[in-house]
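S.K.: fold the stuff below for me.
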Amino acid sequence: MTQTAPPRGQSFEHDLEKSDRTVAAFERTKRGPLGTIQHGLHGNPTLVPVIVLGLSIAAFGLIAGGKFFSAFNLTLIMQQVSIIGILAAAQSLIILTAGIDLSVAAIMVLMSVIAGNLAVYMGVPAPVALLVAFAGGTGAGLMNGFLVTKVKLPPFITTLGTWSIFYALNLWLSGAQSIRSQDIDKAAPLLKFFGNTIAIGNARVTYGSILMIVVFLALWFLLNKTAWGRHVYAVGDDKEAAELAGIRTDRTLLSVYGLAGLVCAIAAWASIGRVGSISPQAYYEANLHSITAVVIGGISLFGGRGSILGALFGALIVGVFQSGLRLADVDVLWQVFAIGWLIIIAVAIDQWIRKVSA
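M.R.: The predicted model follows:
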């Protein structure tokens, strides 16, 4: 009994599907365990910092014992990384577009000085002073964005220059003098709002720590659930291709730099509560620390890949390392040494993941 041949189109589709299954099975066999891990991390880059954070907590828990896992110490880590974490959120926006911003900390400190001078020395109501700082931070970010998009300067050189400009303005406006905590308490206690704490047993959760989480969640939503976020990733992945797809790349970049500046101004408000005073020379190395958190968090320095939540995990990893090494009585010098190796290893892993075959 002869079999009836399937229709020509159906036969072609069947052969194509069979071929695809054969190729997929061959690729899985060819990859091996290491290749499978590489492909998995390529599709989920945030897994790397999550795994590192989990291993770090477990390791330092064994080394430092119960002190590390105490509620007080864990919430202290959150407090210590809150400002760097918010700056890392701003930095992540820029790095996702294949740029880098060396001025984030300078913008933050300048906006804290502006808000402090207005509220403490000039009698401006604290809410108005903060709004001026928010507008100033956005304007500073837009200045960076204008120089990158319209003047066509490289982001690294642009923000290196504006870092010096903002830092000089900071010293000029403050007269290189700090605003004391007592003066802030008398004139504008609202400026220290994010230094307040919520007591939960032995834990002390600051409003600044909560703000950091809120900032990351808000930016995650914008980047993953809106058309603007898709445009940001597209620009970072391939700007020319994004332009051909109809994306207004310059407008997207301007909005990214402006939003990053606003986030830096929010960090300025939180930093006043964290420190308790306003110092023009505070957070001098925060630019590098923010980049460290982003890199360790698995966001590619080449743009277009990674989750902004990775920067949060990156900041927490740094905080866990510093806390764990301190509780283990390791010298500060070797703490810095360990963080340096963390950065190198994170970049090496990123390079390895990027080599995954399409």
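S.K.: all helices of the stretch 151-300 of the chain, in order?
M.R.: 155-174, 181-187, 207-225, 227-237, 239-244, 249-275, 286-296 (DSSP state H, counting those that start in this stretch).
S.K.: would you turn those into TSV with distance to residue 133?
M.R.: Placement of C-beta: from N, CA and C, glycine included. TSV is the format used below for the helices of the stretch 151-300 of the chain (distance: least, Cβ to Cβ, whole Å):
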stretch	distance to residue 133
helix 155-174	12
helix 181-187	14
helix 207-225	15
helix 227-237	24
helix 239-244	32
helix 249-275	5
helix 286-296	17
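S.K.: now those as TSV including mean pLDDT and mean neighbour count?
M.R.: As requested, the helices of the stretch 151-300 of the chain are exported to TSV (pLDDT from 0 to 100; neighbours: other Cβ atoms under 10 Å):
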stretch	mean pLDDT	mean neighbour count
helix 155-174	95	17
helix 181-187	93	15
helix 207-225	96	18
helix 227-237	95	19
helix 239-244	92	14
helix 249-275	96	25
helix 286-296	90	25
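S.K.: residue 97: which of these is closest?
M.R.: Nearest of the helices of the stretch 151-300 of the chain to residue 97, taken as Cβ to Cβ: helix 227-237 at 4.5 Å.
S.K.: so what does that closest one touch, helix or strand wise?
M.R.: helix 71-96, helix 207-225, helix 239-244, helix 249-275 (3 or more Cβ pairs under 8 Å, 6 or more residues apart in numbering; DSSP states H and E).
S.K.: what lies in contact with stretch 65-85?
M.R.: 57, 60-61, 108, 200-206, 208-209, 211-212, 216, 267, 270-271, 274, 283, 286, 289-290, 293, 311-312, 315-316, 318-320, 322-324, 327 (Cβ atoms under 8 Å, 6 or more residues apart in numbering).
S.K.: out of the helices of the stretch 151-300 of the chain, which is closest to residue 115?
M.R.: helix 249-275 (6.7 Å).
S.K.: and the closest one, what does it pack onto?
M.R.: helix 71-96, helix 104-116, helix 126-149, helix 207-225, helix 227-237, helix 239-244.
S.K.: what angle do the second one and helix 155-174 make?
M.R.: Relative orientation of helix 104-116 versus helix 155-174 (axes from the mean of the first three to the mean of the last three Cα atoms, to 10 degrees): 30 degrees.
S.K.: how far off helix 286-296 does helix 104-116 point, in degrees?
M.R.: Using the same axes, to 10 degrees: helix 104-116 against helix 286-296 is 130 degrees.
S.K.: ditto for the third one
M.R.: Between helix 126-149 and helix 286-296, the angle comes out at 70 degrees (the same axes, to 10 degrees).
S.K.: how about helix 126-149: buried residues?
M.R.: Using 16 or more other Cβ atoms under 10 Å as the test for burial, helix 126-149 gives 126, 129-130, 132-134, 136-138, 140-149.
S.K.: can I have it written out in PDB, keeping just the CAs?
M.R.: Output in PDB follows, covering the C-alpha atoms of helix 126-149 (Å, rounded to 0.1, in the frame of the first residue of the first chain):
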ATOM      1  CA  ALA A 126      13.700  74.300  52.100                       C
ATOM      2  CA  PRO A 127      11.200  72.800  49.600                       C
ATOM      3  CA  VAL A 128      12.000  75.600  47.200                       C
ATOM      4  CA  ALA A 129      15.700  75.200  47.700                       C
ATOM      5  CA  LEU A 130      15.400  71.500  46.900                       C
ATOM      6  CA  LEU A 131      13.400  72.200  43.700                       C
ATOM      7  CA  VAL A 132      16.200  74.600  42.600                       C
ATOM      8  CA  ALA A 133      18.800  71.900  43.300                       C
ATOM      9  CA  PHE A 134      16.700  69.400  41.300                       C
ATOM     10  CA  ALA A 135      16.500  71.800  38.400                       C
ATOM     11  CA  GLY A 136      20.200  72.500  38.700                       C
ATOM     12  CA  GLY A 137      21.100  68.800  38.600                       C
ATOM     13  CA  THR A 138      18.900  68.300  35.600                       C
ATOM     14  CA  GLY A 139      20.500  71.300  33.900                       C
ATOM     15  CA  ALA A 140      24.000  70.000  34.700                       C
ATOM     16  CA  GLY A 141      23.100  66.700  33.100                       C
ATOM     17  CA  LEU A 142      21.700  68.400  30.100                       C
ATOM     18  CA  MET A 143      24.900  70.400  29.700                       C
ATOM     19  CA  ASN A 144      26.800  67.100  29.500                       C
ATOM     20  CA  GLY A 145      24.300  65.700  27.100                       C
ATOM     21  CA  PHE A 146      24.500  68.800  24.900                       C
ATOM     22  CA  LEU A 147      28.200  68.600  24.600                       C
ATOM     23  CA  VAL A 148      28.000  64.900  23.800                       C
ATOM     24  CA  THR A 149      25.200  65.100  21.200                       C
END
